[in-house]
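**Student:** My questions concern the predicted model and sequence given below.
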Amino acid sequence: MSSNLENNVIGTGHEGGIREQINGYLLKVKSGDMGSLPAMLGLIVLAVLFSVMSPVFLTALNFANLFNQAATLIVLAMGLVFVLVLAEIDLSAGVTSGVAAALLVIALHHDVNWIVAILIAIVTGVVIGYFIGVIVAKVGIPSFVVTLACFLAFQGLQLLIIGNGGLYRIENSQVLAIQNSNLTILQGWIFYLVSILLYTYSGFAARRRRSRNNQTNRPITFLYVKIVLAAVFGAVIVSALNLERSSNKAFPIHGIPIVIPIVIILFVLGTFVMDRTKFGRHVYAVGGNPEAARRAGIRVTGVKIAVFTICSTTAAISGIISASRVGSVDASMGRTIVLNGVAAAVVGGVSLFGGKGRLSQAVIGGFVIAIIDNGLGLMGFNSGINLLITGAVLLLAASADAISRKRGSAVIR
């Protein structure tokens with residue numbers, strides 16, 4: 001039986017399998033389930049448009065700056081994916097990042113070791129997320145109301161920590177290095193090679209696991225193509241980031257920003273949790289149908305608490321990254337970024353109705369929002385135009401999600 005399975009997957013039926021996969025994907029697109037395809041197309045169009053309209057957009061300096069600019073938003077959006085998959089919302093994620101950053105900078109100013117200070121900030125996110133999760137899951141108050149209340153309350157907490165109108169500068173070189181220092185060229189290429197090797201191993205390990213569980217694998221050609229594309233795309237990015245981007249030759253700047261490996265590690269860990277663990281399957285099940293999940297023996301309450309804890313913890317890490325980039329923390333930090341975080345996830349293809357979404361979609365959506373902000377800034381447009389365009393893009397993405405859901409329901413009926 002296993003021999004026949006292998007023949008169907010990578011043997012004589014290989015080409016037919018590829019055609020079936022392509023036809024299946026095209027049917028999904030026609031039915032409205034386009035995933036991250038619109039965001040990918042939008043990303044390409046925006047990149048081409050801004051590269052034509054601004055001579056600065058494709059420079060080595062702006063290319064690296066775009067990754068730094070997107071890092072905070074992408075990390076926050078990845079955390080929000082967990083909550084959105086449950087068909088919930090966390091409006092307090094932005095100010096949670098602000099509270100975490102405030103405690104970080106206060107700890108640093110009291111000569112606390114920088115590692116301990118970062119741990120304090122992260123534990124703050126864990127505690128906040130657990131608190132929100134308990135109120136939502138056990139008390140039964142809608143997440144919109146709970147997180148809106150926390151959004152308001154945590155602004156007051158920030159004021160108490162930082163002081164009204166106060167601002168604390170970060171002087172610790174290790175914390176500042178997160179967003180303001182780079183890997184050496186050699187370190188960058190080593191990180192690239194290790195990443196591709198791990199990606200390749202993960203792909204083949206997933207195929208072996210599916211075969212052991214008597215599940216159908218995609219044609220192995222798909223895996224080869226994904227590995228080649230990842231290797232080429234990664235090599236291009238590393239090469240571009242290794243270019244000299246300083247206008248002053250006395251102070252050279254080149255290499256992969258340190259924040260990029262941090263974001264990639266968070267992405268890999270989050271994707272593993274969502275795609276390869278029982279907990280991840282439970283998250284999708286609860287998001288798709290909470291009552292059916294409960295009847296299937298899933299602890300819905302525990303899943304919700306864990307999801308809000310993950311979201312707030314990720315928000316705290318986002319706050320650390322943001323504080324490193326700005327080099328300071330004030331009492332208003334994080335008040336507006338949560339809206340962009342939700343926008344990034346939805347624009348990338350995460351459903352607002354629950355049960356559907358991937359961390360890769362948050363990454364793509366985060367780059368879309370970052371490119372809009374970056375490109376319009378280079379062209380001299382004010383923030384009003386930026387908000388108008390971002391709002392329009394979010395509305396289009398939400399409309400596409402709603403239409404996709406209606407088409408799917410029609411097909412089922």
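**Tutor:** Arrived safely.

**Student:** and Met274, how many neighbours?
**Tutor:** Met274: 20 surrounding residues under other Cβ atoms under 10 Å. Using the backbone N, CA and C atoms, a C-beta is placed for each residue, glycine as well.

**Student:** Any figure for the gap between it and Met78?
**Tutor:** Per Cβ to Cβ, to the nearest Å, Met274 is found 10 Å from Met78.

**Student:** pretty sure Val393 is touching Val45, no?
**Tutor:** No - counting by Cβ atoms under 8 Å, Val393 stays clear of Val45, with 11.4 Å between them.

**Student:** In terms of neighbours, single out the busier of the two.
**Tutor:** Between Val393 and Val45, counted using other Cβ under 10 Å, Val393 has the larger neighbour count: 21 against 12.

**Student:** nearest residue to the more buried one other than its sequence neighbours?
**Tutor:** In this structure, Val393 finds its nearest non-sequential neighbour in Val347, 5.8 Å apart by Cβ to Cβ, 6 or more residues apart in numbering.

**Student:** pretty sure the one you found contacts Ala39?
**Tutor:** Yes - contact criterion Cβ under 8 Å: Val347 and Ala39 qualify, at 5.6 Å.

**Student:** hey, what's in contact with both of these two?
**Tutor:** Gly365, Val368, Ala397 (Cβ atoms under 8 Å, 6 or more residues apart in numbering).

**Student:** neighbour-wise, which of those leads?
**Tutor:** When neighbours are counted by other Cβ under 10 Å, Gly365 leads the shared contacts of Val347 and Ala39 with 32 neighbours.

**Student:** for the record, mean pLDDT for the helix or strand where it lies?
**Tutor:** Assigned by DSSP states H and E, Gly365 belongs to helix 359-378. For helix 359-378, mean pLDDT is 90.

**Student:** Quick check: buried residues in it?
**Tutor:** 359-376, 378 (16 or more other Cβ atoms under 10 Å).

**Student:** Could you do stretch 42-50 as well?
**Tutor:** Using 16+ other Cβ under 10 Å as the burial criterion, the residues of stretch 42-50 that qualify are Gly42, Leu43, Leu46, Ala47, Phe50.

**Student:** how distant is that stretch from the center of its chain?
**Tutor:** Put simply, stretch 42-50 sits 20 Å off its chain's centre (Cα atoms, centre = their mean, to the nearest Å).

**Student:** contact partners of it?
**Tutor:** Residues external to stretch 42-50 that are found in contact with it (Cβ under 8 Å, 6+ apart): Phe57, Val347, Ile364, Phe367, Val368, Ile371, Ile372, Asn374, Gly375, Leu378, Met379, Val393.

**Student:** Which two of those residues have the greatest separation?
**Tutor:** Ile364 and Met379 (22.5 Å; Cβ to Cβ).

**Student:** contacting residues for the most centrally placed residue in the chain?
**Tutor:** The residue lying closest to the centre of the chain (Cα atoms, centre = their mean) is Met78, at 3.1 Å. Met78 sits next to Leu266, Phe267, Gly270, Thr314, Leu359, Ala362, Val363 when contact means Cβ under 8 Å, 6+ apart.

**Student:** Out of the residues you listed, which comes closest to Ser97?
**Tutor:** Ser97 lies nearest to Thr314 out of these, by Cβ to Cβ, at 9.0 Å.

**Student:** Spit out the contact partners of that closest one.
**Tutor:** Val75, Leu76, Met78, Gly79, Gly125, Leu266, Gly270.

**Student:** which ones are touching the second one?
**Tutor:** With Cβ under 8 Å, 6+ apart as the criterion, the residues that contact Leu76 are Ala93, Gly94, Ser97, Thr314, Ala315, Ser318, Ile337, Val338, Gly341, Ala344.

**Student:** What segments of this protein are strands?
**Tutor:** 167-169, 328-330 (DSSP state E).

**Student:** between those strands, which one is nearest to Gly188?
**Tutor:** strand 328-330 (28.2 Å).
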